[in-house]
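1. Only the shape, not the letters, is given here:
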């Protein structure tokens with residue numbers, strides 16, 4: 001009998017499958033090479049910029065990504081002309097993230113593709129199963145902190 005995988009392994013496998021699926025869906029748009037993480041960052045900035053300025057540290061916290069990884073991702077996004085990092089007057093160390101017009105033009109398309117994947121993920125799940133799943137995910141996240 002095969003030894004069952006641990007929960008961490010299952011979650012990591014699922015995460016990779018979701019990322020791969022989103023990347024494949026975004027590739028259908030025939031826009032320049034935009035990764036899943038870049039799409040999520042653009043979506044986050046797009047949805048939250050009206051609430052106040054967004055900084056690199058916000059991306060690190062929201063997506064639980066290391067500073068070096070976020071810095072590299074933002075550098076590539078800046079190179080692709082998807083974001084601008086603009087200094088703020090109240091703290092010279094901070095740079096707020098601003099979506100470029102180019103990023104805004106493709107954001108809705110990307111969000112539509114992400115929504116397709118999200119719909120695929122919950123296909124066949126009841127509302128009760130979704131509630132239980134979210135409760136379990138939140139409990140696991142609290143345990144790991």
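-> Arrived safely. Here the structure is a predicted model, which means the values were calculated and not measured. Residues are numbered from 1 along each chain as shown.
2. mind listing the strands in this protein by residue range?
-> Counting by DSSP state E, the chain has strands at residues 83-88, 91-99.
3. Do I have it right that residue 60 meets residue 66?
-> Yes. Between residue 60 and residue 66 a contact is recorded at 7.2 Å, counting by CB atoms under 8 Å. C-beta coordinates here come from the backbone N, C-alpha and C atoms, glycine included.
4. So between those two, which is more surrounded?
-> residue 60 (16 against 9; other CB atoms under 10 Å).
5. residues in contact with the closest residue to the more buried one other than its chain neighbours?
-> Among residues not flanking residue 60 along the chain, residue 70 sits closest, at 5.0 Å (CB to CB, 6 or more residues apart in numbering). Residue 70 makes contact with 56, 59, 60, 63, according to CB atoms under 8 Å, 6 or more residues apart in numbering.
6. same question, residue 110
-> 26, 29, 31, 34, 39, 42, 43.
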